[in-house]
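the following block contains a protein sequence and its predicted model.
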Amino acid sequence: MSNSPADERSRPLTLVTGGAGFLGSHLCDRLLAEAHDVICLDNLITGRMENIDHLLAHPHFRFVRHDVTLPIDLPALLQPEDGRPAFGMRNLSYILHFASPASPKDYARHPIHTLKVGALGTHHALGLAKAHGSVILLASTSEVYGDPEVSPQPESYWGHVNPVGPRSVYDEAKRFAEAISMAYYREHGVKVRIIRIFNTYGERMRLDDGRALPNFMVDALQNTPLTVYGTGSQTRSLCYVSDLVEGIFRTLLSDLTGPTNLGNPEEISILQLAEAIIRITQSKSAIIFEPLPVDDPRRRQPDITAAREKLGWSAQVSLEKGLAKTLPYFRSSLAKGSPATRVAH
């Protein structure tokens, strides 16, 4: 393959904030496969280098350790390297803004930073998009719906959110991020794409992530009790990561400002999920029950009519198949003694 300057300029240059995280790293893989030059920006608070180790030598990939709550000066951050494209000297075609703690455990540990990422980080990413004429895709969340009184949740639903509860640092950060993105769209004509991501799982989830699926997987594989909060009747809709990445990529290339729900409408209770994971791992674990955390959503199910009709997208991997695909990753991570193999419930 030719690596002439003309060839390099013909490749889209794409920035992924939070690119060393679970979803961000899978997006870096997909973008490289689609012939993008990719800048992965992450401060590694919740992202991990092991998620992108396989990409560090890739000629069209650059990793930058940086905090998006600080201004993003790409030419300064991207010093020229021998044999590497001059990423810092070209306009960005796309920005995928995925930087943020995303699990209740993480944003409880970093509440102020979570709010700053949603506000300052999104402001900096939008400013970059405005300066470069980029398409910017904002990773928002189903958490903007709070503890919903409508199910499934369509994009037109405004939500039922406690603005001062323990989960509010994430909920309100993302709601603000959506608001400022739409302000940039209306005021400056920035090409904004907003997606609301519902629960997603797959390879590269942190074992100490704190969410139900990795908790259950780790405990089941170690034959220790699985902790279910409340009665376990609260529901989630779980999307396998490859399906979500496909939906994100289609949204990025569309003219759909959004917001657009992306998730798997297959709804399952937390208790049923625990039982399914015990079954698929052939675990001897028992299930124990603890009080429900404050503001824990009772239902979570996306209405993906817009994604189906406007993107031609829907989830293809069933929960049973997705769990089977993910299980070897959890087995391998535990066998290697991954840094935090025990989850505190």
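Cool, got the structure.

so how far is Tyr94 from Ala129?
As judged by Cβ to Cβ, to the nearest Å, Ala129 and Tyr94 stand 9 Å apart. The C-beta positions use only the backbone N, C-alpha and C, and glycine is treated the same way.

same check, this time on Asn43
21 Å.

do the same with Glu149
Distance from Glu149 to Tyr94, by Cβ to Cβ: 36 Å.

neighbour count winner among these two?
Tyr94 (22 against 12; other Cβ atoms under 10 Å).

can you tell me which residues contact the nearest residue to the more buried one once chain neighbours are set aside?
Spatial nearest neighbour of Tyr94, excluding adjacent residues (Cβ to Cβ, 6 or more residues apart in numbering): Thr14 at 4.3 Å. Residues in contact with Thr14 (Cβ atoms under 8 Å, 6 or more residues apart in numbering) are Leu31, His36, Asp37, Val38, Ile39, Leu92, Ser93, Tyr94, Ile95, Leu96.

ok, now with 10 Å
Contact analysis of Thr14 by Cβ atoms under 10 Å, 6 or more residues apart in numbering lists 27-28, 31-32, 34, 36-40, 92-96, 134-135, 137, 252.

just the buried subset of those residues, please.
Burial by neighbour count, judged by 16 or more other Cβ atoms under 10 Å, picks out 27-28, 31-32, 36-40, 92-96, 134-135, 137, 252 from the contacts of Thr14.

restricted to helices, list those.
Under the assignment DSSP state H, the buried ones among the contacts of Thr14 contribute Leu27, Cys28, Leu31, Leu32, Leu252 to helices.

turn the residues you listed into a markdown table, including distance to Ser283 and pLDDT.
Shown next, in a markdown table, are those (distance: Cβ to Cβ, whole Å; pLDDT from 0 to 100):
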| residue | distance to Ser283 | pLDDT |
| --- | --- | --- |
| Leu27 | 32 | 98 |
| Cys28 | 33 | 98 |
| Leu31 | 37 | 98 |
| Leu32 | 36 | 98 |
| Leu252 | 39 | 98 |
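
count of neighbours near Thr251?
24.

distance of it from Val164?
Distance from Thr251 to Val164, by Cβ to Cβ: 32 Å.

check Arg299 too.
For Arg299 relative to Val164 (Cβ to Cβ), the value is 22 Å.

ok, Phe289 next?
Distance from Phe289 to Val164, by Cβ to Cβ: 28 Å.

out of those two, which sits in the more crowded spot?
Set side by side, Phe289 and Val164 show more neighbours around Phe289, with 14 against 8, by other Cβ under 10 Å.

where exactly do the helices run in the stretch 51-200 of the chain?
74-77, 104-109, 111-116, 122-132, 168-188 (DSSP state H, counting those that start in this stretch).

just say which of those is most tucked in.
helix 122-132 (a mean of 21; mean count of other Cβ atoms under 10 Å).

can you give me the strands for the protein?
13-17, 37-42, 61-65, 94-97, 135-141, 191-197, 200-201, 226-229, 235-237, 239-240, 260-262, 267-269, 287-290 (DSSP state E).

to Gly312, which of these lies closest?
For those, proximity to Gly312 was assessed by Cβ to Cβ; strand 260-262 is nearest, at 12.5 Å.

listing partners with orientation, what would you give for that closest one?
strand 191-197 (parallel) (DSSP bridges).

now do the partner strand: distance to the chain's middle.
12 Å (Cα atoms, centre = their mean, to the nearest Å).

please save the CA atoms from it in PDB.
Taking C-alpha atoms only, strand 191-197 is exported to PDB below (Å, rounded to 0.1, in the frame of the first residue of the first chain):
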ATOM      1  CA  LYS A 191     -22.700  18.600  12.500                       C
ATOM      2  CA  VAL A 192     -23.900  16.900  15.600                       C
ATOM      3  CA  ARG A 193     -25.000  13.200  16.000                       C
ATOM      4  CA  ILE A 194     -26.400  12.200  19.400                       C
ATOM      5  CA  ILE A 195     -26.900   8.600  20.400                       C
ATOM      6  CA  ARG A 196     -28.400   7.300  23.700                       C
ATOM      7  CA  ILE A 197     -26.700   4.100  24.500                       C
END
